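Q: next comes the sequence, and after it the predicted model I'd like to discuss.
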2 protein chains.
Amino acid sequence: MEATRAKLIKAARAAFADKGYAGASMDDLTAQAGLTRGALYHNFGDKRGLLAAVVNQIDEEMAHRAHTIAQGAGHDWECLVAEGAAYIEMALDPEIQRIVLLDGPAVLGDPSQWPSQNNCLAVTRTAIEGLIDKGLLKPVDAEASARLLSSAAFNAALWIAASDEREVLLPKAIAAFRALASGLLAEPEARSRDRR
Amino acid sequence: MEATRAKLIKAARAAFADKGYAGASMDDLTAQAGLTRGALYHNFGDKRGLLAAVVNQIDEEMAHRAHTIAQGAGHDWECLVAEGAAYIEMALDPEIQRIVLLDGPAVLGDPSQWPSQNNCLAVTRTAIEGLIDKGLLKPVDAEASARLLSSAAFNAALWIAASDEREVLLPKAIAAFRALASGLLAEPEARSRDRR
DNA sequence: AGGTTTTACATACGAAGCGTATGCGTTGTT
DNA sequence: AACAACGCATACGCTTCGTATGTAAAACCT
């Protein structure tokens, strides 16, 4: 049943975010959902499979939010910067940090080979490809640039969240992100757009 | 005894790199070092403490290597780029990937608050601070820029290592890294044009 | 519609691992 | 020489995961 899958994923999101992947007990988790471990192993195979499902769900949500935010804010390169800033701010969510940024890579391996195919990364890559086609960016490798950019954004969020002065660090991180991203800009005329 | 600590750390490096943190058994690990779990809990408190010690050791080695490589290769900004490239190449080592980049953050939390204080990051930050003082870089926040830059390098390595065409991806990643880093460069003509 | 298979989940079982409490030998102290 | 402290080993309990088995309902076939 699809309903039980949803209930388990919901409970897993809460448990993984609160206790971490290793600290979350399958018994407690399933009981929270009004089920037992039997349902879990039937639907997801093992604990890793459940985490993969949870990560996939969150990743899709993030990619969707980032895409809409980026579309609503500015055009072209400003759009790319807004997307990165959106990633940074989204990654301040403890749930996203713990599940997607910390436990996800450790348990499932590098995000580039996740079953979810990492939708967030795909969004950034296509955005970069579009800007390259328009001639606004240097002819860099879109995949590589997207990876570097998104990972920079996410790790910035890790750093900010671990600190106790988030309000001070967040603008600094976004400014640094903007500076780094400006390195992708094609040389002369587009650069005038990079101020601050 | 310091000798037993060294033996345990050595065995732990091998075990963590091979089986991963969660998959490494303390019994097997200590037996490999000719000891038992008693020595472990006496010297390191718990499994996390052992990982922290291992991470600290590797981090110091990496920072040392990066510093010497960067000093030997070029000056000023080229030095910074060489440092980033060195991080990327070092992070292709499976031991570093598994222990420092994957399990480390998941178990110990964000690197910025590690007991080791993350020497790698410190090296990059001081390098950036020096370049800012020379006026070669924009007056960005050194801490933020260093975090974004080093995390970008490390995640690039994760991506490359997970792929099966490392020789093709490595130059692409370094090129993209150079492009991003160039965004930190001060631009006299553009800045004078924008001054108001 | 009735019997059979398959599905969806619960229950029971075994094994492994971590952390702590305790024990033992050795070294240092006075 | 007796006693304390230290370093490490041994023993125990508790938790947790994965699998194997059981069961009731649904789906399927004729």
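A: Happy to help now that I have it.
Q: check which helices and strands the lengthiest helix in chain A is in contact with.
A: Taking DSSP state H as the criterion, chain A has its longest helix at helix A:47-72. Other helices and strands packing on helix A:47-72, by 3 or more Cβ pairs under 8 Å, 6 or more residues apart in numbering or on different chains; DSSP states H and E, are helix A:2-19, helix A:37-44, helix A:76-90, helix A:94-96, helix A:104-108, helix A:119-133. Placement of C-beta: from N, CA and C, glycine included.
Q: 6 Å instead, please
A: For helix A:47-72, the packing partners by 3 or more Cβ pairs under 6 Å, 6 or more residues apart in numbering or on different chains; DSSP states H and E come out as helix A:2-19, helix A:76-90, helix A:104-108, helix A:119-133.
Q: pLDDT averaged over that helix - what is it?
A: The pLDDT scores in helix A:47-72 average 94.
Q: burial of the closest residue in space to A:Ala157 that isn't next to it in sequence, as a residue count?
A: In this structure, A:Ala157 finds its nearest non-sequential neighbour in A:Ala91, 3.1 Å apart by Cβ to Cβ, 6 or more residues apart in numbering or on different chains. A:Ala91: 23 surrounding residues under other Cβ atoms under 10 Å in any protein chain shown.
Q: A:Ala91 contacts A:Phe154, correct?
A: Yes. Assessed by Cβ atoms under 6 Å, A:Ala91 is found in contact with A:Phe154 at 5.1 Å.
Q: which phi and psi does A:Ser151 have?
A: phi -70, psi -40 (degrees, to the nearest 10).
Q: nope, A:Leu185 is what I meant
A: The phi/psi pair for A:Leu185 (degrees, to the nearest 10) is phi -60, psi 140.
Q: what about it, neighbour count?
A: 22.
Q: hey, what's it bridged with?
A: A:Leu137 (DSSP bridges).
Q: so what's it scoring on pLDDT?
A: For A:Leu185, pLDDT reads 95.
Q: does A:Leu80 touch A:Ala127 like I think?
A: Yes. Counting by Cβ under 6 Å, A:Leu80 does reach A:Ala127; the two are 5.4 Å apart.
Q: in terms of neighbours, single out the busier of these two.
A: A:Leu80 (26 against 23).
Q: what about the nearest residue to A:Ser151 once chain neighbours are set aside, which helix or strand?
A: Closest residue in space to A:Ser151, ignoring its immediate chain neighbours: B:Asn155 at 3.3 Å, by Cβ to Cβ, 6+ apart. Applying DSSP states H and E as the criterion places B:Asn155 in helix B:142-162.
Q: average pLDDT across the helix or strand following that helix?
A: As assigned by DSSP H and E, the chain's next helix or strand after helix B:142-162 is helix B:166-182. In this model, helix B:166-182 has an average pLDDT of 96.
Q: not counting helix B:166-182 itself, show me its contacts.
A: With Cβ atoms under 6 Å, 6 or more residues apart in numbering or on different chains as the test, helix B:166-182 has contacts from A:138, A:140-141, A:144-145, A:148, A:180, A:183-184, B:81, B:84-85, B:88, B:156, B:160, B:163.
Q: buried ones among these?
A: A:138, A:140-141, A:144-145, A:148, A:180, A:183-184, B:81, B:84-85, B:88, B:156, B:160 (16 or more other Cβ atoms under 10 Å in any protein chain shown).
Q: buried sites along stretch A:147-162?
A: A:147-161.
Q: I meant stretch A:91-106, not that one.
A: Quick answer for stretch A:91-106 (16+ other Cβ under 10 Å): A:91, A:93, A:96-106.
Q: ok, now stretch A:114-132?
A: Buried, per 16+ other Cβ under 10 Å, within stretch A:114-132: A:114, A:116, A:118-125, A:127-128, A:131-132.
Q: ditto for stretch A:26-41
A: Neighbour-count burial for stretch A:26-41, counted by 16+ other Cβ under 10 Å, picks out A:Met26, A:Leu29, A:Thr30, A:Gln32, A:Ala33, A:Leu35, A:Ala39, A:Leu40.
Q: near DNA strand C, anything from it?
A: Yes. For stretch A:26-41, a contact with DNA strand C is found by Cβ under 7 Å from any atom of the strand, at A:Thr30, A:Gly34, A:Leu35, A:Thr36, A:Arg37, A:Gly38, A:Ala39.
Q: any idea how far the third one lies from B:Leu184?
A: So that's A:Leu35. Distance of A:Leu35 to B:Leu184, given as Cβ to Cβ, to the nearest Å: 52 Å.
Q: show me where pLDDT drops low in chain A?
A: For chain A, the stretches flagged by pLDDT under 70 are A:188-196.
Q: change it to 80
A: A:115-117, A:187-196 (pLDDT under 80).
Q: what about A:Arg48, neighbour count?
A: A:Arg48: 12 surrounding residues under other Cβ under 10 Å.
Q: and for the spatially closest residue to it that is not a sequence neighbour, the neighbour number?
A: If the residues on either side of it in the chain are set aside, A:Arg48 comes closest to A:Val107, at 6.0 Å by Cβ to Cβ, 6+ apart. A:Val107: 21 surrounding residues under other Cβ under 10 Å.
Q: repeat that for the one 5 residues further on.
A: The burial metric for A:Ser112, expressed as a neighbour count using other Cβ under 10 Å, is 17.
Q: let me see the contact set for it.
A: B:Trp159, B:Ala162.
Q: any idea how far it is from B:Leu8?
A: Counting by Cβ to Cβ, the gap from A:Ser112 to B:Leu8 is 34 Å.
Q: phi, psi of A:Thr36?
A: phi -130, psi 180.
Q: among the buried ones among the contacts of helix B:166-182, which one sits closest to B:Glu61?
A: Checking the buried ones among the contacts of helix B:166-182 against B:Glu61 with Cβ to Cβ, the nearest one is B:Ile88 at 16.2 Å.
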